[in-house]
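> Show me how the following folds:
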Amino acid sequence: MASFTPRSWERAAGAIMTTDTFPKGAQALAHVDGHPVRIAGIAKGSGMIAPNMATMLAFVATDAAIEPRALQTLVRRMTLRTFNSVTVDGDRSTNDTLLVFATGQSAAPPIATAEDPRLSDNAPKTEASAAKIARTIAESPLVKTAFAGEDANWGRIVMAVGRADEPIKRERISVAFGPLWAARDGAVAADYSEAAMSDYMKSAELEVRVDVGVGRAAWTMWTCDLTKQYVAINGDYRS
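Okay, here's the model as predicted:
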């Protein structure tokens with residue numbers, strides 16, 4: 001499959017831009033049975049997108065070998081929470097199109113069914129993904145105010161994890177404050193102790209660890225709490 005650079009994305013998308021404001025393109029690399037599989041796509045659309053794509057035109061290609069019926073199932077499944085969950089102005093059109101091509105040029109073995117387990121968890125679980133999740137937690141005002149209130153509110157941690165929009169498995173998320181587990185595998189930890197957690201949250205420094213249940217990449221961020229004094233200082237800065 002052809003390799004696309006940002007400039008070539010612009011050239012490829014230029015012919016279908018019409019009233020769009022900028023080129024939209026993406027590419028990713030996954031692995032099937034250890035073989036690299038590439039996928040790339042371009043799309044056009046700035047208005048009349050909701051729901052069900054409307055005047056959005058999208059073209060996706062992969063060098064994976066996927067049977068047509070399986071590919072059609074995957075397309076219907078994936079567009080439900082992607083293209084068909086986008087809205088700009090609520091108006092529709094008759095021109096919506098999404099075309100997906102599977103060339104079979106990679107060395108990966110063929111995929112015959114949409115339920116093939118080799119298709120699961122192919123989203124990149126990289127350090128970049130881990131860094132985005134960590135940063136979203138560290139910058140969350142609700143998380144930072146919970147720290148200020150000495151509250152081990154692991155629900156706010158999980159909220160921030162979800163807001164990062166990175167691959168996770170909700171049923172496997174685990175959250176620890178220092179040596180104490182607040183949640184394991186998506187539920188309150190069996191050995192959770194409110195008293196022990198309250199004592200830990202009084203510490204001058206806190207450590208929070210989160211396992212989102214996918215991949216092995218990790219990232220560390222440093223942050224601080226957010227207090228009323230912070231608001232006062234910055235609220236009065238120009239007064």
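
> how about low-confidence regions in this protein?
In the predicted model of the chain, residues 1-21, 46-55, 81, 85-94, 120-125, 237, 239 satisfy pLDDT under 70.

> One more pass at 80, please.
Residue ranges of the chain with pLDDT under 80: 1-22, 45-56, 80-96, 118-125, 230, 233-234, 236-239.

> any idea which residue sits dead centre in it?
Among the residues of the chain, the one closest to the centroid is E166, at 2.4 Å (C-alpha atoms, centre = their mean).

> Okay, that one and V208: tell me how far apart.
Per C-beta to C-beta, to the nearest Å, E166 is found 17 Å from V208. C-beta: built from backbone N, CA, C; applies to glycine.

> I157 now?
Relative to V208, I157 is positioned 7 Å away (criterion: C-beta to C-beta).

> Looking at those two, which has the bigger crowd around it?
Neighbours per residue (other C-beta atoms under 10 Å) separate I157 from V208, with I157 holding more: 24 against 19.

> Ignoring the adjacent residues along the chain, who's closest to the more buried one?
In this structure, I157 finds its nearest non-sequential neighbour in V175, 5.1 Å apart by C-beta to C-beta, 6 or more residues apart in numbering.

> what residues are up against that neighbour?
If you count contacts by C-beta atoms under 8 Å, 6 or more residues apart in numbering, V175 has them with 154, 157-158, 181-183, 208-211.

> Show me those that map onto strands.
Taking DSSP state E as the definition of strands, these contribute 181-183, 208-211.

> Buried subset of those residues, written for ChimeraX?
Applying 16 or more other C-beta atoms under 10 Å to the ones in strands among the contacts of V175, the buried members can be selected in ChimeraX as follows:
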select :181,182,183,208,210,211
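
> Just name the closest of the ones in strands among the contacts of V175 to W222, please.
Checking these against W222 by C-beta to C-beta gives V208 as the nearest, at 11.2 Å.

> Can you name the residues bridging to that closest one?
Beta-bridge pairing for V208 (DSSP bridges): F177.
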